[in-house]
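Q: show me the folded form of this:
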Amino acid sequence: MALPLPSIARDGWRPAVEREGIALGGCALLLVLLVAHLDPGIDLAGEAALWPMLRLTMLNAMPALALFALLLALSRRLLLSTWLTLLALVALYGANAAKLGALRMPLLPGDLRFLATPGPAARLFVQYLHVDAAHALLAAGMVAATLMLCRERRLRALSGWRRPVTGAVAAVFGASLMAGATPWRLVYVEAASGFQPWALDQSAASTGLIGGLLVYHWELGGGDVPPADRAAAIAMLEAHAPDLRAGLAHTTSSETLPDIVVVQSESLFDPARLRDMLSGRFLRAYHALARRTTSGELGVPTFAGGTIRTEFEVLTGAPLASLGGVQYPWLELDRETYPGLTRVLDAHGYRSVAVHPNAAAFWNRAQAYPALGFERFVDAASFPTDRIVGLFTSDAALTERVLEELDDDGPPQFLFAISMENHGPFDWRPGLDPQRLADLPIPERLDPGARPWLANYLYLLDDADRELARLADALARRKRRTLLLFYGDHLPDLGPVYAELGFDDGRDPKQQPVPWLLYDNRNPRAHRLDTRAWMLPGLLLQAADIHDGGWFDLLATLAHSPDFDPDDPRDAAGIDALARLHLRGELQPLLDDALGLVPASVDPG
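A: A predicted model of the protein is given here:
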């Protein structure tokens, strides 16, 4: 026998639920309109047809509504759930706007992975936040509003069995979206057709931010190197067959192998490329050293940030573009081992150490470096906290640690170091010498808002240049032959400076190269060579007279070939295909077959 419901349920439950339903619909509509307002790819009031814009709005709003429903199930509080979803959307779109402004690239799934290990990321990104009294008051108000909404009356409509059912439906809805289940891929097919991994800023304009994040995750989140176009790879090998056969025939020297030091200098570029900058004032040590080394301009795969991209190219020898849109390889690729520079040196008896005064977890280096073959990783925990210049560990402290790691006897050594001092932001920098700042030559036409950006950068650039001279001088005095590969990872984030001054060559900031040099303390000689970051390991191994009979000998050969043009579509397609084979461990058999090489395991006699 059913028990009678209390009178409040009989008389007031249905009208209350109806009122709650209307309120719930209003809150959901508010969130949809918020997405339409915040998303740079959605313009409901523009000239574009209304239906496609409404469809794009819903495609971007559905993940937000899934979060909203899940919060409703967890809390049974309508306004609290709406408020928390609203905060998440504002934070997401705010982060996207900030990244677009600084790096000219939209938010990517890899950026959100920092939430899994927020500590290291927070310590870096907090430097970009300027919290004044107004911001602090706003944050306090948001916390107070959240706490007040936690006392909101629970929804009657989600009492009993309705609550777990709503939660389960929301969880399945969200999980299937993340997994890219077949029904959702059909729903998002139009957004996917506009996805261009090689032009992510344009893709975000056609897919919307949230839709773009989903499609990027579906298309490039598999964790593996894409399959290679073997026809393009073979065509590339055949086009350069004579040079490649000669280059791959070299064998490693029987003499004592040199120590190798690689320094990736944070945000280093030549400010003389800017209009109205005093020529010859900056990077004096670099230019002096370049006059007796192999040096030139270096094309890098990133701008104003994304150190991981240049780092990936140098350590693996693979163009980032060969991965089909992957932007954060140590985060997005799921590989237990990577072929690359460290593995080749390990096969020749080298001890390998990576040195970087940042948290080991940042960019997932704690897992990536062992997979690359490094024996040790010296991270921020090994640097004294009193060796800070501005915001980060000084280049002087890094130089000292590199020199401490180099032994005068024992097996050959490979040290890979990434500096930190000259990392952004550049609009503020505490603790710098005011007299040094005042003495820096800044173009008169630069307005007061942009002058601190350039002054702070040039101050730190002088430090980087001074440490290059110090390191090179120390290596010159070593008894052991030592190679030093030094290069910048990308241009600094100096948006206001670039906008006001521009560059002498008239090119866009994203097209500007960075400097590089390769110094041999036993055989100094001048040689000019403009190249790409992914070619550096081949050139480095060639200088060390170390030959792998494969990928890196191929790179070194092509780097000097007048017939190879990495900007030519056919050569670019071929090198991308070969790079994928290299990363997948499938290259050597193809080289042997296409070039008629004799495998090392086969006795030609």
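
Q: now do the same for Ser352: helix, strand or coil?
A: strand (DSSP: H, G, I helix; E, B strand; the rest coil).

Q: distance of the closest residue to it other than its chain neighbours from Val314?
A: Excluding the flanking residues, the one nearest Ser352 by Cβ to Cβ, 6 or more residues apart in numbering is Phe414, at 4.5 Å. All C-beta spots, glycine's among them, are computed from the backbone N, C-alpha and C. Distance, Phe414 to Val314, by Cβ to Cβ, to the nearest Å: 12 Å.

Q: what of Arg365?
A: 14 Å.

Q: what does Glu18 give?
A: Counting by Cβ to Cβ, the gap from Glu18 to Val314 is 64 Å.

Q: which one's more surrounded, these two?
A: In terms of neighbours (other Cβ atoms under 10 Å), Val314 is the more surrounded of Glu18 and Val314; the figures are 25 against 11.

Q: list the contacts for that one?
A: Val262, Gln264, Leu341, Tyr487, Ala533, Trp534, Leu536, Pro537 (Cβ atoms under 8 Å, 6 or more residues apart in numbering).

Q: now do the contacts for the most centrally placed residue in the chain.
A: Per Cα atoms, centre = their mean, the C-alpha nearest to the average position across the chain is that of Gly306, at 3.3 Å. For Gly306, the contact set (Cβ under 8 Å, 6+ apart) comprises Leu103, Met105, Gln327, Tyr328, His490.

Q: about what we covered before: put together TSV for the contacts of Val314, with pLDDT, distance to Gly223 and neighbour count on each row.
A: Below are these laid out as TSV (pLDDT from 0 to 100; distance: Cβ to Cβ, whole Å; neighbours: other Cβ atoms under 10 Å):
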residue	pLDDT	distance to Gly223	neighbour count
Val262	99	27	23
Gln264	99	25	22
Leu341	98	22	29
Tyr487	99	29	22
Ala533	99	23	28
Trp534	98	21	27
Leu536	98	26	24
Pro537	98	24	27
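
Q: how many residues are close by the residue nearest to Ala272 when sequence neighbours are not counted?
A: Spatial nearest neighbour of Ala272, chain neighbours left out: Ser279 (4.9 Å); criterion: Cβ to Cβ, 6+ apart. Residues near Ser279, counting by other Cβ under 10 Å, number 10.

Q: helix/strand/coil for Arg401?
A: helix.

Q: can you pull the poorly scored residue ranges out of the protein?
A: Residues of the chain that meet the criterion pLDDT under 70 lie in 1-14, 47, 114-131, 190-205, 220-222, 598-605.

Q: show me the domain layout of it.
A: Structural domains annotated on the chain: 14-220, 225-251+569-596, 256-546, as defined by automatic domain parsing.

Q: how about the nearest residue to Gly280, chain neighbours excluded?
A: Closest to Gly280 by Cβ to Cβ, 6+ apart is Ala272, at 7.3 Å.

Q: measure that neighbour to Ala455 for me?
A: Distance from Ala272 to Ala455, counting by Cβ to Cβ: 16 Å.

Q: looking at the two, which one has more neighbours?
A: Ala455 (22 against 14).

Q: which elements pack onto the lengthiest helix in the chain?
A: Looking across the chain with DSSP state H, the single longest helix is helix 7-38. Secondary-structure packing of helix 7-38 (3 or more Cβ pairs under 8 Å, 6 or more residues apart in numbering; DSSP states H and E): helix 50-75, helix 78-103.

Q: okay, those in JSON lines with mean neighbour count and distance to Leu406 next?
A: Converted to JSON lines, these look like this (neighbours: other Cβ atoms under 10 Å; distance: least, Cβ to Cβ, whole Å):
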{"stretch": "helix 50-75", "mean neighbour count": "19", "distance to Leu406": "51"}
{"stretch": "helix 78-103", "mean neighbour count": "18", "distance to Leu406": "35"}
